[in-house]
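> what shape does this take:
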Amino acid sequence: MRHCFGGPYRPWTLGLLLLLAGGGCAYYNTFYLAKKNYREGVKAQERSLTEAPAQDAIGRYDVVVRQCAKVLKDYPKSKYVDDAAYLMGASYYGKGDYLNAIQQLTSFGAKYPKSPYRADARFTEGLARYRRKEFVQSDSIFREVEGAYPDFPRRWELCFYSGETQSQLKQYAPAAHWYRRALKHADGRRERARTLRRLGDAYLAGDRADSAEATYAECLKVEERGPQRVQAAIARGDALRKLGRYPEALQFLQSWRVFAAQEGREGDVMLRVYDIMALMGRTQEALRGYNDLVQKFQRTPVAYEAQFQIGYLYETSLQDLDAAGREYDKLRGLPTSEFQLQAIRRSQSLTALRTYRTALASDSTGMRAQAAFMMAELYYFQLGKQDSAITQYRRVEAEFPHSIYAAKAAYARLWIATQDRGDTLEAMAIADTMTQRYRGTPFAESALFLWKGWSGRTDERTALLDSLLASPDTVEVAAFDPEPEASLLVPADSTLIRPQTYGLSAADSARADSVREAASLAGEELRRQSGGQPPTNAQTQGAAPTPTPVPTAPAAGGSAAGAAAAGAAPTDSSRTSEPPPSAPPDSTARPDTTTTDEEEDDTGQ
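Residues are numbered from 1 along each chain as shown. Now for the predicted structure:
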């Protein structure tokens, strides 16, 4: 790790000689050895070139902790007690004991308000919190050091780790800002190369692929270390792919194959090569390449991803669902990996798709409607084909207009328009259509719930929602064919459930309760006036009917429209459930190969 004992100069030699002359020989020896062991620990860590604390360094830091503890205990009024306290905390950090480092350094400023090591102590505490993934706290500390100590000498570290913290918080624009500032303070090629690579990562993650590509190219001119050069090259290839510059990306990555092989990264490079070939329509070449990777890198993550991509190409490019299922199933029985799990789910989805297509030939209209709707759900949730799902939802509405699945399909389209596409005009049109076409079904009311919660508006749609709460109209429900009693054999995947998001707010619920209570009292008054008999039509004119309770829980085993069937709009799936597997896995779906500060040496040299 980086040398953390970087405070201002003190007249060490003169001070220690005076202590020695005054009978402080033991103190001199203890503190001198603490400093010496700390420096040896730093050198040992730098030699390791890894982020994990090296064993040799840990041994040295352990000695420092013991020696500094002795100084603090036996010489608590020493002039250099603050030096020992800071050195002890920095050694805890160096050996990877971040919790004790935080405990040692948190109160440093209060205990030693005049110490020249206050800035270093506070910054090292921030680094320790960063290592413990306390990113909000570390960001706050870094900003504090930036503002309180404008002449802080460790400026590159401060800016670089401010960028790292923002990256971990997925705030990529601020991260890029801090990395650019770090570049101005970079001392040496390694610090500059490391900063450029992480700046490129921030640009790429922030959808600035053009800036990322140029930054990675600049990094490759500076970086000298083999593994880091290959990583930067792979990242530049990902940026070119994202820009749609496929021929250039293909040529560039192929030129790095030999160098990547020297660093054990040939498989990672070639996965991207064949991915780009597939995007360019060279499907057969990509299939042969993936099969070669499966054979060459057996029982490795490279082979697992290659096998998954073979199945995906058969499914999407060649439209051979049977072959795709066979290729996906080859991952069964192998060690668990993310690609095995995705392959199993996609294989199951293809089986379900075939079942639904068979059911579309059924004699039962209800079964055909259900099969058509479930096919759309499968496209959306399991296969990640949003456009195909929308087309299929529209087909359900057009071919089965009197089925309850038509209302479900319309609600599903409303969900996509709001949650996925943010299309206000489309959402308004669908909500209006649903309130006209499916009035009296739970889906019309759920559509208004969804519109109100998503748009935050007060308009004629929210007014209609209030009206439906006061006077529910369920007369039209009987006009729709119910769901068939016999369900399809393929069970609904748990990912097909959108839990509740835009249900009644507290204000809505209170207003609905008030309306129901008033309607109930009005009904009791009418019955009293009728002598206990049901009121006549004339008596009930102008009186609000007692509304049925508004259900708020989604139906078990439901879906986008299943949540609506329970009278509640669904939950944002990005918050409450794992997203469906997206395919094909590109640079964002593969296991993250971007080397971060957690995996790299911290020398910055």
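
> which residues does Gly126 contact?
Listed by CB atoms under 8 Å, 6 or more residues apart in numbering, the contact set of Gly126 reads Gln137, Ser138, Ile141, Phe142, Val145, Tyr161. From N, CA and C alone the C-beta is placed, and that goes for glycine too.

> Arg236: which of these is nearest?
Tyr161 (24.3 Å; CB to CB).

> look up how far Ala175 lies from the closest one.
11 Å (CB to CB, to the nearest Å).

> thinking again about what came up before, want to throw the contacts of Gly126 into TSV with distance to Phe339, secondary structure and pLDDT?
Converted to TSV, the contacts of Gly126 look like this (distance: CB to CB, whole Å; DSSP: H, G, I helix; E, B strand; the rest coil; pLDDT from 0 to 100):
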residue	distance to Phe339	secondary structure	pLDDT
Gln137	36	helix	97
Ser138	33	helix	97
Ile141	39	helix	97
Phe142	37	helix	97
Val145	43	helix	97
Tyr161	33	helix	97
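
> tell me, how many residues neighbour Glu266?
Glu266 has 20 neighbours, counted by other CB atoms under 10 Å.

> for the closest residue to it other than its chain neighbours, give me its contacts.
In this structure, Glu266 finds its nearest non-sequential neighbour in Ala260, 4.9 Å apart by CB to CB, 6 or more residues apart in numbering. For Ala260, the contact set (CB under 8 Å, 6+ apart) comprises Val230, Ala233, Ile234, Glu266, Asp268, Val269.

> over to Ala260. Which of the three states is it?
Under DSSP: H, G, I helix; E, B strand; the rest coil, Ala260 falls in the helix class.

> and it, how far is that from Phe308?
21 Å.

> can you count the residues close to Glu460?
Neighbour tally, Glu460, other CB under 10 Å: 10.

> quick one, phi psi at Met117?
For residue 117 the amino acid is Tyr, not Met. Main-chain torsions, Tyr117, degrees, to the nearest 10: phi -100, psi 10.

> distance of it from Leu350?
Applying CB to CB to Tyr117 and Leu350 gives a distance of 63 Å.

> the two: which is more packed in?
Ranked by neighbour count (other CB under 10 Å), Tyr117 and Leu350 place Tyr117 first, with 24 against 21.

> mean confidence for stretch 353-362?
Stretch 353-362 shows an average pLDDT of 78 in the prediction.

> likewise for stretch 113-132?
Rounded mean pLDDT across stretch 113-132 is 96.

> report the buried residues of it.
In terms of neighbour count (16 or more other CB atoms under 10 Å), stretch 113-132 has its buried residues at 115, 117-131.

> just give me how far it sits from the chain centre.
Its chain's average C-alpha position is 30 Å from that of stretch 113-132, according to CA atoms, centre = their mean, to the nearest Å.

> CA atoms only for it, dumped as CSV, please.
C-alpha atoms of stretch 113-132 as CSV (Å, rounded to 0.1, in the frame of the first residue of the first chain):
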residue,chain,number,x,y,z
PRO,A,113,-5.5,19.3,17.7
LYS,A,114,-2.0,20.9,17.0
SER,A,115,-0.5,17.8,15.4
PRO,A,116,0.9,18.3,11.9
TYR,A,117,-0.6,14.8,11.1
ARG,A,118,-4.2,15.7,11.4
ALA,A,119,-4.8,15.8,7.7
ASP,A,120,-3.0,12.5,7.1
ALA,A,121,-4.9,10.8,9.9
ARG,A,122,-8.2,12.0,8.6
PHE,A,123,-7.4,11.0,5.0
THR,A,124,-6.2,7.6,6.1
GLU,A,125,-9.4,7.1,8.1
GLY,A,126,-11.3,7.9,4.8
LEU,A,127,-9.2,5.3,3.0
ALA,A,128,-10.0,2.7,5.6
ARG,A,129,-13.7,3.4,5.3
TYR,A,130,-13.4,3.1,1.5
ARG,A,131,-11.8,-0.3,1.9
ARG,A,132,-14.7,-1.3,4.2
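
> the spatially closest residue to Cys159 that is not a sequence neighbour sits in which helix or strand?
Spatial nearest neighbour of Cys159, excluding adjacent residues (CB to CB, 6+ apart): Ala182 at 3.7 Å. Using DSSP states H and E, Ala182 sits within helix 172-185.

> quick one: mean pLDDT for whatever helix or strand comes next after that helix?
Proceeding N to C from helix 172-185, the next assigned helix or strand is helix 189-205, under DSSP H and E. Averaged across helix 189-205, the pLDDT comes to 96.

> only the buried residues of helix 189-205, if you could.
190-205.

> swap in stretch 441-451?
Buried residues in stretch 441-451, counted by 16+ other CB under 10 Å: Thr441, Pro442, Phe443, Ala444, Glu445, Ser446, Ala447, Leu448, Phe449, Leu450, Trp451.

> from those, which is closest to Thr316?
Leu450 (31.0 Å).

> what about the closest one, is that helix, strand or coil?
Criterion first, three-state DSSP; result for Leu450: helix.

> quick one, what contacts Val63?
Neighbour list for Val63: Leu33, Ala34, Asn37 [criterion: CB under 8 Å, 6+ apart].

> which one of those sits closest to Lys73?
Ala34 (13.0 Å).

> which strand or helix spans the closest one?
Using DSSP H and E, Ala34 sits in helix 25-48.

> could you do Met428 as well?
helix 424-437.

> report all helices and strands that that helix contacts.
helix 404-415, helix 442-455, helix 460-470 (3 or more CB pairs under 8 Å, 6 or more residues apart in numbering; DSSP states H and E).

> what does that helix contact?
Contacts for helix 424-437 (CB under 8 Å, 6+ apart): 407, 410-411, 413-414, 417-418, 443-444, 447-448, 450-451, 454-455, 461, 464.
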